[in-house]
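Engineer: What follows is a predicted structure for the sequence shown.
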Amino acid sequence: MFVKLNSLWIEGTTRTGKTTQLVKKFFYLIQERGNGQSLTPIQSITHNLASSVLVLSANDDNRRKLFDKLSSITKGKYAIHCKTPLGFMRDELKLFWPLLFKKLKLKEEFPLFLRTETEQAFATKLWKPYLEKYQILLTKNHEFRFIRQTLDLLQLASASGVMVEDISFILEYGLKEEYYFLKEFHSSIHTKKTLPKLQQKLITQWKGWCFSRGIITYGLIYNLYWQYLLPNSQYRDFLINRYRGIFADDIDDYPAITKDLFQFFIDHQKFCVFTYNPYGQVRLGLSADPKYLCRIKPYCNTIILSTYPKLFDISNQLILEQIDNPLSSKKLPYFFSSIKTSSRAELLQKTANFIVKAIENHQVTPNEIAIIAPGLDEIARYTLIETLSTANIPVRLLNEQRPLISFPIIRALLTLLGLVFPGLGQFVETHDIAQMLTILSYDYENNTMIIDPVRSGILADNCFYMDKQHPKLLPLEQYSRWDRMGYNAAKAYKRLYSWVKETRYEIEQKQPANPIEVIDSAIKKFIESRYQLPHEQLLALKELTETAQHFWEIDYRLQKYNTNIKSLTNNLVDFIQLLREGIVTANPKPEDYFSKKTDYVTLTTIFQYRSLRSSHNCHLWLDISSHLWETAGASVLFYAQLFLRDQLSNLNKSEENKKRLKRILMDLLGRVNNEVVLCHSDLNIKGIYQSGPLLTFMNNSKKR
């Protein structure tokens with residue numbers, strides 16, 4: 001007989017053991033329900049029970065870590081459903097789509113998810129006539145931001161449980177005389193009262209466009225789940241019967257609508273465990289609503305964890321006091337020290353040299369060091385990585401998101417597409433051919449260039465016929481001194497030339513051809529057979545194939561509802577332009593999941609570091625006197641504060657910045673074990689004197 005258990009709220013600051021407690025409660029639930037029996041029927045019951053417990057984590061990286069912990073403590077004997085809130089809702093929508101399409105008159109086809117970058121592209125095309133009709137005069141950059149922010153409105157509203165019809169009212173009421181677009185965008189006929197209505201109209205049109213084609217986006221996932229699926233009686237019966245409990249970690253980073261889901265479980269006497277960090281709230285401003293989620297706390301037994309990390313315990317009160325009183329002269333604790341220079345260039349060099357010296361003197365190892373900055377510009381990244389790499393100290397840029405087009409190997413494959421498909425000559429220049437020849441002939445196994453840049457340049461100049469419709473490679477013999485190329489280079493060129501010629505012929509005979517098959521064939525021919533690629537390049541190739549597959553999957557769906565059928569050439573042009581705009585990025589997973597952990601220095605922004613819940617022995621806080629510490633510590637969507645359920649009003653930005661700064665510092669203090677080095681330059685990258693809110697920390701710490 002099952003024992004009734006109450007819901008539990010576990011609250012504590014950073015690294016006080018909240019997740020550990022959650023894992024223990026999970027194991028306890030399984031053990032209690034199994035009652036320690038070894039009989040096969042009982043084992044079956046406990047297995048079914050474990051598979052019917054829903055586990056949620058704030059983001060995908062932490063979800064993997066939590067899943068590993070649960071699998072380890074249960075020794076892999078039980079199926080564990082571990083999801084992010086968004087991932088859970090998306091899976092539920094796919095599973096229960098039939099419950100929705102009848103009521104909403106949606107297409108009965110299986111729903112397709114639209115990625116953010118393709119969402120931006122399709123919304124731009126859909127809204128372009130409206131922007132022209134309403135005489136909204138935007139530059140290309142402002143148009144991109146206007147469309148992105150309008151799409152974000154749908155996500156913010158849906159995540160907070162706000163009806164689309166109420167968006168314009170919230171904007172008008174909340175922003176009042178400070179409406180954003182009146183400052184940044186010129187409109188010949190619009191006022192602050194009509195722009196919110198236009199944005200709501202655009203969102204409504206976008207919502208209808210997606211629904212009529214069976215397409216869902218991040219914003220629509222939240223909208224459909226909260227407004228239509230969760231209230232559905234059939235779906236609620238399913239939840240009651242399938243899930244016996246819910247374990248939600250770090251709910252301070254969850255959207256407001258998850259509160260309705262949690263309340264449903266609590267009201268039905270399900271066993272629930274929630275963990276909450278008052279100094280977390282990393283995603284506040286990105287659809288999270290931690291204050292609203294706290295409304296479920298009174299329905300739970302509460303455990304407050306107060307065994308703080310050592311440095312946090314020593315310094316948290318003093319740090320908070322100095323933020324409130326910038327004129328304080330109290331010295332910071334012993335583990336704070338500072339590096340000070342006049343110029344920022346000197347600071348970057350001195351910071352890198354400090355790390356090199358500390359590692360050479362065996363005071364610390366690379367994997368014990370994290371360089372944390374409010375924002376990382378190209379100069380800072382290059383200087384720190386170059387200086388440390390020169391000293392043979394590896395550096396990993398945490399959660400780097402590089403545009404896919406920035407990878408030479410991706411550009412080489414796109415050049416190949418331009419050679420085998422007609423009508424793509426606008427994307428194939430002589431320098432593209434030269435780079436392609438070098439990249440696709442490179443021997444990673446022996447780390448040698450088969451066709452070096454000099455030879456590739458000569459071949460591109462002499463063996464490439466440029467044409468807007470049919471650019472092509474010419475036989476090697478077209479170059480009068482081809483015999484001077486060398487055997488290996490000539491062989492590599494002929495191999496590439498033959499593949500292009502054969503593939504082009506096959507495409508001419510087989511219309512329409514599938515670009516995904518061509519990309520896959522090129523990868524197998526020129527990359528997989530000989531390459532031992534670095535980790536980030538493998539992920540870039542994976543992202544390219546997934547993006548191509550997604551693009552043509554969406555295109556195939558749209559063709560069903562479009563009377564003007566687009567040609568393959570036009571689709572390829574759209575695909576290549578999408579990549580060239582740089583909005584499609586490669587999102588590397590941490591190497592820890594693929595190989596043994598490398599001994600590297602971590603370089604990261606505040607937001608990325610806090611999101612991944614990392615910790616190190618030594619922190620170097622870069623640009624400590626910059627104002628970015630209070631404004632850029634979190635990535636905040638515009639309008640976000642207007643969609644917080646408990647504070648639909650004008651907010652004092654100064655107070656909000658101070659609250660955010662306190663959360664950032666308390667969180668970082670909980671993630672460092674031994675030492676914090678404050679890095680300050682009098683002048684920032686633009687040569688402007690820095691006097692941010694943490695300047696007093698520099699004056700009250702010991703100098704290096």
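Structural biologist: Done, it's in.

Engineer: quick one: low-confidence ranges for the stretch 501-650 of the chain?
Structural biologist: Filtered on pLDDT under 70, the stretch 501-650 of the chain yields the residue ranges 511-512, 529-532, 563-565, 587-598, 632-635, 647-650.

Engineer: Which parts of it are helices?
Structural biologist: For the stretch 501-650 of the chain, the helices identified by DSSP state H, counting those that start in this stretch occupy 515-523, 535-559, 568-580, 606-611, 628-631, in order along the chain.

Engineer: Which of those sits closest to M163?
Structural biologist: Of all these, helix 535-559 sits nearest to M163, with 27.3 Å by C-beta to C-beta. Backbone N, C-alpha and C define where each C-beta goes, glycine included.

Engineer: counting contacts, what elements does the closest one pack onto?
Structural biologist: Contact analysis of helix 535-559 by 3 or more C-beta pairs under 8 Å, 6 or more residues apart in numbering; DSSP states H and E lists strand 112-113, helix 116-133, helix 408-420, helix 515-523, helix 568-580, strand 585-586 as its packing neighbours.

Engineer: From the contact counts, what lies against the last one?
Structural biologist: By that I understand strand 585-586. If you count contacts as 3+ C-beta pairs under 8 Å, 6+ apart, strand 585-586 packs onto strand 402-403, helix 535-559.

Engineer: The last one vs helix 408-420, what angle?
Structural biologist: Angular relation of helix 535-559 and helix 408-420 on a 0 to 180 degree scale: 40 degrees, by axes from the mean of the first three to the mean of the last three C-alpha atoms, to 10 degrees.

Engineer: any idea of the angle helix 535-559 forms with helix 568-580?
Structural biologist: Following the same axes, to 10 degrees, one obtains 140 degrees for the angle between helix 535-559 and helix 568-580.

Engineer: returning to that earlier point: can you put the helices and strands packed on helix 535-559 in CSV and add distance to L440 and mean neighbour count?
Structural biologist: Shown next, in CSV, are those (distance: least, C-beta to C-beta, whole Å; neighbours: other C-beta atoms under 10 Å):
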stretch, distance to L440, mean neighbour count
strand 112-113, 32, 18
helix 116-133, 26, 16
helix 408-420, 5, 22
helix 515-523, 8, 17
helix 568-580, 18, 17
strand 585-586, 19, 20
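
Engineer: Dump the ones you listed to a markdown table, plus distance to I147.
Structural biologist: Below are the helices and strands packed on helix 535-559 laid out as a markdown table (distance: least, C-beta to C-beta, whole Å):
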| stretch | distance to I147 |
| --- | --- |
| strand 112-113 | 19 |
| helix 116-133 | 6 |
| helix 408-420 | 25 |
| helix 515-523 | 26 |
| helix 568-580 | 14 |
| strand 585-586 | 18 |
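
Engineer: For F211, which of these is the nearest?
Structural biologist: Shortest distance between F211 and the helices and strands packed on helix 535-559, using C-beta to C-beta, is found for strand 112-113: 12.0 Å.

Engineer: Parallel or antiparallel, list what pairs with the closest one.
Structural biologist: Taking DSSP bridges as the criterion, strand 112-113 sits next to strand 215-216 (parallel) in its sheet.

Engineer: tell me the domain boundaries of this structure?
Structural biologist: Annotated domains of the chain cover 8-94+232-304, 112-218, 311-400+591-703, 404-586 [automatic domain parsing].

Engineer: I'm done for today, thanks for sticking with me.
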